[in-house]
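In: Provided below are the primary sequence and the corresponding predicted coordinates.
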Amino acid sequence: MNSESLIPGPEDSDAEVPLRILVADDNTSDRMILRAIVRKQGYEVLTAENGRQAVDVFAEHRPHIVLMDALMPEMDGFEATRLIKEMAGEELVPVIFLTSLKDTHSLVDCLEAGGDDFLSKPYNPTILQAKINAFNRMRRMHHVLQRQRDEISLHNKRLIHEQSVAKRVFDNVAHSGCLDAANIKHLLSPLAVFNGDVLLASRTPSGNIFILLGDFTGHGLPAAIGAMPLAEIFYSMASKGYAMVDVLREVNQRLKKILPTGFFCCAGTLDINFHKKTVEVWNGGLPDGLIFHQSSKSLTQLKSRHLPLGIMGNDRFSDKTEIYTLEEGDRIYLYSDGILEASNSQDQMFGEERLASVFYDNQTPDQLFDEIGQAVNAFAGLTGVQDDLTLVEVRMCDPEELVELAEPFASSRKYGPSDWSFSYELYPNTLKTYNPLPLLLQVIMEMPALRRFSGQIYTLLSELFANSLEHGLLSLSSEAKSDISGFAAFYAEREKRLANLDEGYIQFHFSHRLSPQGGVLTLAVRDSGAGFDVSRIRREFSSQGYSGRGLALMHSLCDDVRFNESGNSVEMDFRWYFET
């Protein structure tokens, strides 16, 4: 084996290392002629006398281009080329066969062995240089593409890792809440790891369930960024007892502040009261939701009457809601536009009529949810759904079905502040516009041991506040609520009197004392109203009516309920015990 200008070392940077060419030919004269031509053209030359030497030289010196004779002793050019290509791996090492073979079969053998081109004898220096230059350009381009591919692969791995971490954070913030409740079914079918659809559900301290379905502009990570603050606000405020309209205003204000121009969130919200069998609805930009009335098999549309969240400032934002009365077994549906806009191979959309037909054709209401998904997928066919699909069904049920949704709290004697008291007083301008219950509940819940009783405590606060405001300051009679029809008149008069309220106060006072077995939370409310005849109210209380139930509820939850003589002050003890 002869070698000239041997250059050891790793693969060149192309711009700095001279081109190395291996000439493998068992004919001494042909080998010397090629070596002279290649050297004259300014390239460095390695030589080999047979295929075996060619493989060894390549393994040691990694030449850039190989000029390979087809027929050689010990190992022919075909086998040598196969081994060289195998050693080169993903690196492009052009092999130009040196051959006097003319038949098609022999030339095909050269290509099948891994050859890239032919050079016929006698050798033409001009053609040889042209081939070397062409393959060198190809080799450099291949090297650039490999480097770019590796960079892209590395960036992609980093991106996947970052998205994986972000997804864990996202899932912790925008978690499913109480979507696993027995009366809720949901479908969240994203086109990407992150998507523009978000579905949230939370049980409130009063026992209601809040549902929010949001559809952000676009797809992927940019569309999901807004979902994190939305979810954080939703779960935080819902757990503290804020009204849904308060949650909407806070979410709208935050999204208006953080989202760039052109980005917004179409959203629909449900506030479902299982005691009153009502649902309060706000729809801003989502397709019209539906209520399926089981007894009549009729549909009520939940119209989109508002702009999406994040477009208008809160000074122009409308939080007006609509309230619908339901019966047990009725079902409420919210869905993203991916349901209606699912297309088939003829570019026809699924649409509202096909969706309505699923309801009208249904024979078993419990299967409605699955039938909707099946109908959409069957319509899309082989083309598949091209947008995020989100669908939620909520069945109106008896409150007893939701007992298991009570927030679990570990038994612990790490109860934070134990013996304390505080007072809070509100005046007319505040009472007209502000709901104090979330703040009061939040202060009380600073004691972790009380958190598992948050629903009962919130119920007591609600009854105390409603009685003081409605019957104390506003002097409303609960007799108007003796039947369902009287509710509308009662609350209309309530709004009228509250708007005209210009004097008076409501004062809260709370205290807590710890005991070895648990503790006692004392709740007291006093108002500046004229009071009422407590004994008469108790005598006239009827469990069949809608009025007066608050008194029975307070007695059922507390050990002792004490009114003053005029009836404008009430105090009660809520006794709790450590879990065993």
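Out: Everything's here; your move. Residues are numbered from 1 along each chain as shown.
In: Quick one: end-to-end distance for stretch 338-348.
Out: 13 Å (Cα to Cα, to the nearest Å).
In: Buried residues in that stretch, which are they?
Out: When burial is assessed from 16 or more other Cβ atoms under 10 Å, stretch 338-348 yields the following buried residues: 338-340, 342-343. Backbone N, C-alpha and C define where each C-beta goes, glycine included.
In: Filter the residues you listed down to the ones in strands?
Out: Among those, no member is found in strands (DSSP state E).
In: what residue ranges in this structure score low on pLDDT?
Out: Along the chain, segments meeting pLDDT under 70 span 1-16, 101-104, 106, 190-195, 219-223, 382-387, 403-415, 480-486, 533-551, 580.
In: picking that back up, a markdown table please, covering the buried residues of stretch 338-348 and showing distance to Ala24.
Out: Below are the buried residues of stretch 338-348 laid out as a markdown table (distance: Cβ to Cβ, whole Å):
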| residue | distance to Ala24 |
| --- | --- |
| Gly338 | 62 |
| Ile339 | 67 |
| Leu340 | 68 |
| Ala342 | 62 |
| Ser343 | 60 |
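In: Please narrow the residues you listed to those residing in helices.
Out: Mapping the buried residues of stretch 338-348 onto helices (DSSP state H) picks out 338-340.
In: Quick one: the helices in the stretch 351-500 of the chain, in order.
Out: Per DSSP state H, counting those that start in this stretch, the stretch 351-500 of the chain carries helices over the ranges 351-361, 368-380, 428-433, 437-444, 454-466, 485-499.
In: Quick one: closest of the ones you listed to Val45.
Out: helix 368-380 (63.2 Å; Cβ to Cβ).
In: Could you list every helix and strand in contact with that closest one?
Out: Judged by 3 or more Cβ pairs under 8 Å, 6 or more residues apart in numbering; DSSP states H and E, helix 368-380 is in contact with strand 184-189, helix 351-361, strand 389-395.
In: Taking strand 389-395 as reference, get the angle to the first one.
Out: Using axes from the mean of the first three to the mean of the last three Cα atoms, to 10 degrees, the inter-axis angle of strand 184-189 relative to strand 389-395 is 180 degrees.
In: So which residues make contact with stretch 452-464?
Out: If you take Cβ atoms under 8 Å, 6 or more residues apart in numbering as the criterion, stretch 452-464 is touched by 204-207, 239, 241, 406-409, 437, 440-441, 444-445, 450, 508, 521, 523, 525, 550, 553-554, 557-558, 570, 572, 574, 576, 579.
In: chain center to that stretch, what's the gap?
Out: Put simply, stretch 452-464 sits 32 Å off its chain's centre (Cα atoms, centre = their mean, to the nearest Å).
In: what's the distance between Gly214 and Arg82?
Out: Distance, Gly214 to Arg82, by Cβ to Cβ, to the nearest Å: 59 Å.
In: Which one of these two is surrounded by more residues?
Out: Taking neighbours as other Cβ atoms under 10 Å, Gly214 and Arg82 compare with Gly214 leading, 31 against 16.
In: what helix or strand does the more buried one sit in?
Out: Secondary-structure assignment from DSSP states H and E places Gly214 in strand 209-216.
In: which secondary structure elements does that strand contact?
Out: Against strand 209-216 (3+ Cβ pairs under 8 Å, 6+ apart) you get strand 197-203, helix 227-239, helix 244-258, strand 265-273, strand 331-335, strand 389-395.
In: and the angle from it to strand 197-203?
Out: 170 degrees.
In: Each with direction, which strands does strand 209-216 pair with?
Out: strand 197-203 (antiparallel), strand 265-273 (antiparallel) (DSSP bridges).
In: And the strands in the stretch 451-580 of the chain?
Out: 506-514, 518-527, 560-563, 569-577 (DSSP state E, counting those that start in this stretch).
In: Adding distance to Ser418 and mean neighbour count, write those strands out as TSV.
Out: Shown next, in TSV, are those (distance: least, Cβ to Cβ, whole Å; neighbours: other Cβ atoms under 10 Å):
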stretch	distance to Ser418	mean neighbour count
strand 506-514	4	18
strand 518-527	7	20
strand 560-563	21	15
strand 569-577	12	18
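In: Just put those in CSV and tack on distance to Asp117.
Out: Shown next, in CSV, are those (distance: least, Cβ to Cβ, whole Å):
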stretch, distance to Asp117
strand 506-514, 90
strand 518-527, 90
strand 560-563, 99
strand 569-577, 88
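In: which one of those lies closest to Leu389?
Out: strand 569-577 (44.6 Å).
In: Highest mean neighbour count out of the helices of the stretch 351-500 of the chain?
Out: Mean neighbour count, computed with mean count of other Cβ atoms under 10 Å, is highest for helix 454-466 among the helices of the stretch 351-500 of the chain, reaching a mean of 20.
In: contacting residues around Phe274?
Out: Phe274 neighbours (Cβ under 8 Å, 6+ apart): 207-209, 396-399, 402.
In: er, Leu521 actually
Out: 444, 450, 457, 510-512, 573-576 are the contacts of Leu521 under Cβ under 8 Å, 6+ apart.
In: out of the residues you listed, who's nearest Asp502?
Out: Nearest to Asp502 among the contacts of Leu521, counting by Cβ to Cβ, is Phe510 at 27.5 Å.
In: Hmm, that closest one is touching Val525, no?
Out: No: at 9.6 Å, Phe510 and Val525 do not qualify as touching, with contact defined as Cβ atoms under 8 Å.
In: Let me have the strands paired with strand 209-216 in a markdown table, extended by mean neighbour count and distance to Lys131.
Out: Converted to a markdown table, these look like this (neighbours: other Cβ atoms under 10 Å; distance: least, Cβ to Cβ, whole Å):
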| stretch | mean neighbour count | distance to Lys131 |
| --- | --- | --- |
| strand 197-203 | 24 | 57 |
| strand 265-273 | 25 | 61 |
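In: Which one, of the strands of the stretch 451-580 of the chain, ends up nearest to Gly268?
Out: Gly268 lies closest to strand 506-514 among the strands of the stretch 451-580 of the chain, at 34.3 Å (Cβ to Cβ).
In: on that earlier part again, quick check: which of the strands paired with strand 209-216 is nearest to Asn183?
Out: Using Cβ to Cβ, the nearest of the strands paired with strand 209-216 to Asn183 is strand 265-273, at 9.2 Å.
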